[in-house]
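Trainee: Sequence and predicted structure, then a few things I'm wondering about:
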Amino acid sequence: MENIDQFISEVKNSGSSFISTLKPNTKISLIGHHDTDGLCSIAMLEKALERESLSFETANIPQLEDEFLERISKEADVFIFADIGSANLELIQKHFPKKEVIILDHHKPNTEKVSKNISLLNPFLYGIDEEKIIAGAGVVYFFCQGMNPQNKELAQLAVLGAIGDTQEDDGFKDLNNIILQHSILQKQISVLRELRLYGKNSRPLLKVLQYSTDLQIPGITNDYQGTLKFFRELRIPLNWKGKPRKWYNLREDEKNLITEKILQLKGEENQEEFTVNNYKFNLFKRRELSCGREFATIVNASGRLEDYRTAIDALKGNEDAQAKIVFNLRTYKFAIKEGLDLFEKYKEAGQIINNGKVVVFDTEDKLKPNIVGVIASIIARNKYYDEGIIICTLSNIPDQKIKISLRVSRDKSEMNLADLLQKTVSPWSLPAGGHTNAAGAIIPLEKKEEFIQNLISNIL
């Protein structure tokens, strides 16, 4: 625990030093990743800076590139990168040779050489290299605490960032757990043990069970007729006054009846394996935002749709913005359906590269770039391929470039995808970022065929 205590102390000290040495009228630029973790990180930084009556500019992006860094380098005096930047240190050092730069991140740094003008606050530098110990939002949280102890109230957003970054695995570890306890003590979050059912606050009751892929209920999961029969036998109506019922509309005796029947259908299996911690966010009024996993998905949806400002405002408590991000989820779901339909179409037409080690789904310009990573994740999770198969999705983006996303089927592989992708794009001196089971990069369009061949060669 000594390295963990040292990490917390030094990140807090950096936050304190940042505030105490900041000169009047300093122009501050905040740059965050585009997912839930990055959006929570920026929301916390904004609230912390507003508490000190400081002004700032904000940008959220999927990946750092030369053109973007060159443009913003002239627009501020201090740059704070949140949940992004560690995999792009050489690029950042190139464009910010003298400006003050602070990087609050949890991704593995791509170099050990860091310029004196750059403060890199990253758990890897303290020997904390297990990926599910802290999210980018967690690093930001401790930095903000150093700025002002009152920023302890931001704990719930750091927990949400960790949930969005899939760091919760039947509980939180170490640094994430410390932050969770902070939020529990402030009565921001309650932890409840429930059936592993997603969408209880946002989906109609029928769909909650029909799409219960995490629980896999015999005769119900992915079976519309079987789900209808289940509710008919229990005499539980699916509609009330012309509207579909949701889990929260049920009486307690109905919830107990459904739970008991599901447990019977699951048979002699270990019940602990199909129950899960539900993190209830007590201070957000909208029911859709009360469940941590649903809340994280809703925020991520707005990020993928590039509606960053609305997501950040919602996280900061704006109720109109919260209503908008809930609506954004519908648009996002439609985009996901389009992506999966295209995948099935290409699969049937033999347009998917599959050599038994890697699957390449090239969407060209048919899907939005921010969606293809999600499509890769869904393909990886839903048993289309044997475990350990590398899933690669490609999408054209402006300026004759391609966005690449890597995932691994069933989250099982001996390869580190971030390292694999970095090795694959290294011939062109391009950065790649991510984690063991998820990584991304951007390459020139003209290098597409060469990239695919490099990727296949590096896996074989």
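Mentor: Now that the structure is in, tell me what you want to look at.
Trainee: mind checking which helix or strand of this structure has the lowest mean pLDDT?
Mentor: Counting by mean pLDDT, DSSP states H and E, the weakest-scoring helix or strand in the chain turns out to be strand 432-434, with a mean of 80.
Trainee: Residues contacting it, please?
Mentor: 63, 84, 86-88, 107, 404, 406, 417-418, 421-422, 424-425, 439-441 (C-beta atoms under 8 Å, 6 or more residues apart in numbering). All C-beta atoms are positioned from the backbone trio N, CA, C, and that covers glycine.
Trainee: Sitting in strands, which of these do you find?
Mentor: Judged by DSSP state E, the contacts of strand 432-434 include I404, L406, A439, G440, A441 as members of strands.
Trainee: Adding distance to L283 and neighbour count, write those residues out as CSV.
Mentor: Output for those, formatted as CSV (distance: C-beta to C-beta, whole Å; neighbours: other C-beta atoms under 10 Å):
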residue, distance to L283, neighbour count
I404, 38, 29
L406, 36, 26
A439, 34, 26
G440, 33, 23
A441, 38, 23
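Trainee: Just give me the closest of these to L315.
Mentor: The nearest member of the ones in strands among the contacts of strand 432-434 to L315, counting by C-beta to C-beta, is G440 at 22.9 Å.
Trainee: mind checking pLDDT for the closest one?
Mentor: Note on G440: pLDDT of 90.
Trainee: Could you tell me how many residues sit around the residue lying closest to it once chain neighbours are set aside?
Mentor: What sits nearest to G440 in space, not counting adjacent residues and going by C-beta to C-beta, 6 or more residues apart in numbering, is S405, at 5.1 Å. Neighbour count for S405, taken as other C-beta atoms under 10 Å: 27.
Trainee: got it, and I92?
Mentor: Residues contacting I92 under the criterion other C-beta under 10 Å number 26.
Trainee: pretty sure it is touching L64, no?
Mentor: Yes - taking C-beta atoms under 8 Å as the definition, I92 is a contact partner of L64 at 7.3 Å.
Trainee: Can you work out which residues contact both of these two?
Mentor: Listed as contacting both I92 and L64 by C-beta under 8 Å, 6+ apart are F81, G85.
Trainee: Now for L263, how many residues are close by?
Mentor: 14.
Trainee: how near is it to K255?
Mentor: From L263 across to K255, the span is 13 Å (C-beta to C-beta, to the nearest Å).
Trainee: cool, and I184?
Mentor: 24 Å.
Trainee: Same question for I220.
Mentor: In terms of C-beta to C-beta, I220 sits 16 Å off from K255.
Trainee: In terms of neighbours, single out the busier of those two.
Mentor: Neighbour count, other C-beta under 10 Å: between I220 and K255, I220 has more, with 23 against 16.
Trainee: in what helix or strand does that one lie?
Mentor: Following DSSP states H and E, one finds I220 outside all helices and strands.
Trainee: Kindly report the same for E260.
Mentor: Here E260 is assigned to helix 252-266, by DSSP H and E.
Trainee: Distance from the chain centre to that helix, please.
Mentor: The chain centroid and the centroid of helix 252-266 are separated by 32 Å, computed with C-alpha atoms, centre = their mean, to the nearest Å.
Trainee: try stretch 47-54
Mentor: Put simply, stretch 47-54 sits 25 Å off its chain's centre (C-alpha atoms, centre = their mean).
Trainee: same check, this time on stretch 254-269
Mentor: With C-alpha atoms, centre = their mean, you get 31 Å for stretch 254-269.
Trainee: pLDDT at the residue nearest to G440, what is it?
Mentor: So S405 comes in at 93 (pLDDT).
Trainee: Also K255?
Mentor: K255 carries a pLDDT value of 89.
Trainee: now swap in F361 and tell me
Mentor: At F361, the predicted lDDT confidence score is 96.
Trainee: Secondary structure element for it, which one?
Mentor: Using DSSP H and E, F361 sits within strand 358-362.
Trainee: Could you list which residues are in contact with E50?
Mentor: Applying C-beta under 8 Å, 6+ apart, no residues qualify as near E50.
Trainee: Report the secondary structure state of it.
Mentor: Following DSSP: H, G, I helix; E, B strand; the rest coil, E50 is assigned to helix.
Trainee: send the alpha carbons of stretch 32-43 over as CSV?
Mentor: The C-alpha coordinates for stretch 32-43 follow below in CSV (Å, rounded to 0.1, in the frame of the first residue of the first chain):
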residue,chain,number,x,y,z
GLY,A,32,-10.1,15.1,-22.2
HIS,A,33,-10.9,11.7,-23.8
HIS,A,34,-14.3,11.3,-25.4
ASP,A,35,-15.6,8.4,-23.3
THR,A,36,-17.3,8.3,-19.9
ASP,A,37,-14.0,8.3,-18.0
GLY,A,38,-12.8,11.3,-20.0
LEU,A,39,-16.0,13.2,-19.7
CYS,A,40,-16.2,12.6,-16.0
SER,A,41,-12.6,13.8,-15.7
ILE,A,42,-13.4,17.1,-17.5
ALA,A,43,-16.6,17.7,-15.5
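Trainee: And that stretch, how far out from the chain middle?
Mentor: Counting by C-alpha atoms, centre = their mean, stretch 32-43 comes out at 8 Å from the chain centroid.
Trainee: tell me the mean pLDDT for it?
Mentor: On average, the pLDDT along stretch 32-43 is 97.
Trainee: What lies in contact with that stretch?
Mentor: Stretch 32-43 is contacted from outside by 30, 45, 58-62, 81-84, 104, 135-137, 139-140, 157-158, 160-165, 296-297, 299-300, 302-304, 306, 308, 311-312, 315-316, 370, using C-beta under 8 Å, 6+ apart.
Trainee: How about stretch 297-312?
Mentor: Applying C-beta under 8 Å, 6+ apart, the external contacts of stretch 297-312 come out as 34-36, 38-40, 42-43, 46, 58, 60, 160, 164, 202, 288-289, 314-315, 321, 324-326, 328-329, 331-333, 335, 368, 370-371, 374.
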